[in-house]
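[1] With the sequence up front, the predicted model follows.
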Amino acid sequence: MPIEYEVLDDGQFIHARAVGTVTDEDFVEYEVAHACDERIKSPADELLDIAPDATMQLTQEGIQEALRKVKELGKRCPRRHCAVVVHSFRKEAWDLAKFYEALSRLHAPFSVIVFGNADVANIWLGRAPFHQS
C-alpha cells in the first residue's frame, strides 16, 4: 500500500508515510482503513509524511470521495489534528495538500495543516521533533 501507517502512543498518534505512486483508490483505502482501526483511540493526532519522491496521482475528486466514504461509515472521527508534510517542491503536491486542508476544514471534525518540514509539524502536534535516518 502506498500509504502505510503505524499507531503509536497507546492509540493516540498515527504516523503515516506516503511513498511511491499514490492514487485516488489508495487514499480512499487509507482513510477508510484508519477510520475503522480499533487500535486508534479518539482523539488522536496524525502525521502524514509525503516522501519527496512520492508521485501523487491523487485528484480533488479522490479526496472528496475519501471524506465521503469515511462519513458514510458513521463512525466517530478518531483524529483531532492532522499534519500533512509535503517535502516536494512540486506545485501539484502542495495544491492537493492545501485542498485537503481546506476541504477538511469545511467537512471534517478535525484540523489539517500543511507543512514543509516534519520537525515543525511534530511541534505543532505537541510532539518532540524526530529525525529519520
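    That came through, no problem. Numbering: from 1, shown residues only.

[2] Run through the residues that contact the residue nearest the centre of the chain.
    Centroid-nearest residue in the chain, with Cα atoms, centre = their mean: Leu48, separated by 4.1 Å. Counting by Cβ atoms under 8 Å, 6 or more residues apart in numbering, Leu48 makes contact with Ile3, Ala16, Arg17, Ala18, Cys82, Ala83, Val84, Val85. All C-beta atoms are positioned from the backbone trio N, CA, C, and that covers glycine.

[3] Surely it forms part of a strand?
    Yes - assignment of Leu48 by DSSP: H, G, I helix; E, B strand; the rest coil places it within a strand.

[4] and it, bridged to which residues?
    Going by DSSP bridges, Leu48 is paired in beta bridges with Ala16, Val84.

[5] ranges for the strands of this structure?
    Secondary structure of the chain (DSSP state E): strands located at 3-8, 13-18, 21-23, 44-50, 55-57, 79-86, 111-115.

[6] what packs against the helix or strand of the chain with the lowest mean pLDDT?
    Taking mean pLDDT, DSSP states H and E as the measure, the chain has helix 91-107 as its least confident helix or strand, at a mean of 76. Under the contact definition 3 or more Cβ pairs under 8 Å, 6 or more residues apart in numbering; DSSP states H and E, helix 91-107 sits against strand 55-57, helix 60-73, strand 79-86, strand 111-115.
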